[in-house]
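# Build the 3D model from these lines:
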Amino acid sequence: MSDSIEPSTPSTSSTNTTAYIHPRREPFEHGLIPIPKLIFSDGTQTLGPLRDKLVERSTQSPNHRVDSIAISDILQISLDHARLVLDTIATVLHSDSDPIVAAKPSEIEEIGVDVNDLVLFLYVQSYKRLLPRTHKDSAAVADVWPSTSAFDGYLSALSPLQLVRSNSRRFMPSQADEEAHQLSYLQKHLANILSLLADSVEESEESLVCLQVINCHESVIYILAPLRYATIYGCSDTTIVLGAVGKAVRVEHCERVHVIVAAKRICIANCRECVFFLGVNQRPLIVGDNHKLQVAPYNTFYSQLEAHMDQVGIEATIK
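Alright, predicted model coming up:
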């Protein structure tokens, strides 16, 4: 979604060229869709897991892309909104070589969209347009016209009649202002964007992570990754599904929690009315003040489970 432009320099300094980057205007000016479920204010925290699901779904497609049905399922939006996402990406995507750009309207659904393009599109949805400079009659505007929308930008600050009557150019941000604002957005979020688009790499045991799920209530949490340790503390009315845990899981002070985990060992302390679906190599350690606990066999599977179990050193006996 951006251009890289190298200024002309003598051949003697070709190894020291400077790259200038400017944002593409189309995704910001024509790609923003006012659908609340497409706005992820926490960035990579939500988009990271969604990207993994989209990548996995794309492997089931012969062209390794995702269609509106996959988008609807994973983003939890209606099919109409998912088709709107596809149509909008086809409109603002720059690369003419991408088949969705040159596709006829009837072909867009069959072709689908590249996952990386979709993730970039979703990240841009959190962009807020540059607000107009304060209008001299802002109080009157507030009385008769809705408050400024993040996606309506300048036009929502004035009613249509006021827009005609006012010298609007004095209040509207210039194109240079808007481009500077877009560039500032990209600079601020570049690290997160790159981390989302980077291919995952195999992790060594030393790089596996110490996970903590603390004080979560009325939630459903999936963490399908190889881990060394996991702590679940102070949760209630929550279902937690963990990937392979190579060392130990500790569940403490939880109430009405369902835990589904494959691990070497698990310690349960001071819990009430919880159900544990366990694939463990050693007998669970249950200590402290516990009431009405149930222990059941491990009962789930995901495509990378056996690989994750091998990675953390758990015998892959679960089928």
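# Show me where the stretch 51-200 of the chain has its helices.
Residue ranges of the helices in the stretch 51-200 of the chain, as given by DSSP state H, counting those that start in this stretch, are 68-75, 79-92, 99-102, 108-111, 115-124, 138-144, 160-165, 175-197.
# My guess is residue 74 contacts residue 57. True?
Yes: using CB atoms under 8 Å, residue 74 is in contact with residue 57, at 6.5 Å. (C-beta placed from N, C-alpha, C; glycine too.)
# Give me the common contacts of these two.
Residues touching both residue 74 and residue 57 (CB atoms under 8 Å, 6 or more residues apart in numbering): residue 66.
# how many other residues sit next to the nearest residue to residue 238 once chain neighbours are set aside?
Nearest residue to residue 238, sequence neighbours excluded (CB to CB, 6 or more residues apart in numbering): residue 219, at 4.6 Å. Counted with other CB atoms under 10 Å, the neighbours of residue 219 add up to 13.
# How about the contacts made by residue 219?
Contacts for residue 219 (CB under 8 Å, 6+ apart) come out as 235, 238-239.
# Please tell me which one of these counts the most neighbours.
In the contacts of residue 219, the most neighbours by other CB under 10 Å go to residue 235, 26 neighbours.
# For it, give its distance to residue 269.
13 Å (CB to CB, to the nearest Å).
# Output the contacting helices and strands for the top strand by length along the chain.
Longest among the strand segments of the chain by residue count, using DSSP state E, is strand 236-252. The contact analysis (3 or more CB pairs under 8 Å, 6 or more residues apart in numbering; DSSP states H and E) places strand 236-252 against strand 220-223, strand 227-233, strand 255-263, strand 266-269, helix 305-312.
# Show me the one of these that comes nearest residue 295.
strand 266-269 (8.7 Å; CB to CB).
# isn't residue 111 right next to residue 104, touching?
No: the pair residue 111 / residue 104 is not scored as a contact, 9.7 Å apart, by CB under 8 Å.
# Neighbour count for these two, which is higher?
Of the pair residue 111 and residue 104, residue 111 is the one with more neighbours under other CB under 10 Å, namely 19 against 7.
# where does the more buried one land on pLDDT?
Listed pLDDT for residue 111 reads 92.
# again with the one 10 residues further on
In the prediction, the pLDDT value recorded for residue 121 is 92.
# Output stretch 84-99 in CSV with nothing but the alpha carbons.
Below are the C-alpha coordinates for stretch 84-99, written out as CSV (Å, rounded to 0.1, in the frame of the first residue of the first chain):
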residue,chain,number,x,y,z
LEU,A,84,-18.5,-5.5,0.8
VAL,A,85,-15.0,-6.1,2.2
LEU,A,86,-14.0,-8.0,-0.9
ASP,A,87,-15.5,-5.4,-3.3
THR,A,88,-13.7,-2.6,-1.4
ILE,A,89,-10.3,-4.3,-1.4
ALA,A,90,-10.7,-4.9,-5.2
THR,A,91,-11.3,-1.2,-5.5
VAL,A,92,-8.4,0.1,-3.5
LEU,A,93,-5.8,-2.6,-4.1
HIS,A,94,-2.9,-1.1,-6.1
SER,A,95,-1.4,-4.2,-7.8
ASP,A,96,-2.9,-4.7,-11.2
SER,A,97,-1.4,-8.1,-11.3
ASP,A,98,-3.6,-9.3,-8.5
PRO,A,99,-6.5,-11.3,-10.0
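# who's in contact with the residue lying closest to residue 264 once chain neighbours are set aside?
The shortest distance from residue 264 to any non-neighbouring residue, by CB to CB, 6+ apart, is to residue 281 (5.1 Å). By CB under 8 Å, 6+ apart, residue 281 lies in contact with 263-265, 314-315.
# hmm, 7 Å instead?
Applying CB atoms under 7 Å, 6 or more residues apart in numbering, we find residue 281 in contact with 264-265, 314-315.
# Throw those into JSON lines and include neighbour count, thanks.
JSON lines is the format used below for these (neighbours: other CB atoms under 10 Å):
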{"residue": "264", "neighbour count": "18"}
{"residue": "265", "neighbour count": "16"}
{"residue": "314", "neighbour count": "22"}
{"residue": "315", "neighbour count": "10"}
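# remind me which residues of this structure are low pLDDT?
In the predicted model of the chain, residues 1-22, 131-173, 199-210, 316-319 satisfy pLDDT under 70.
# In it, which residue is most central in space?
residue 47 (0.6 Å; CA atoms, centre = their mean).
# Which helix or which strand is home to it?
helix 44-58 (DSSP states H and E).
# Distance from the chain centre to that helix, please.
6 Å (CA atoms, centre = their mean, to the nearest Å).
# which residues are contacting it?
40, 64-66, 70, 74-75, 115, 118-119, 122-123, 192, 195-196, 303.
# got the end-to-end distance for stretch 32-41?
Terminal residues of stretch 32-41 lie 14 Å apart, using CA to CA, to the nearest Å.
# And it, what's buried?
32, 38-40 (16 or more other CB atoms under 10 Å).
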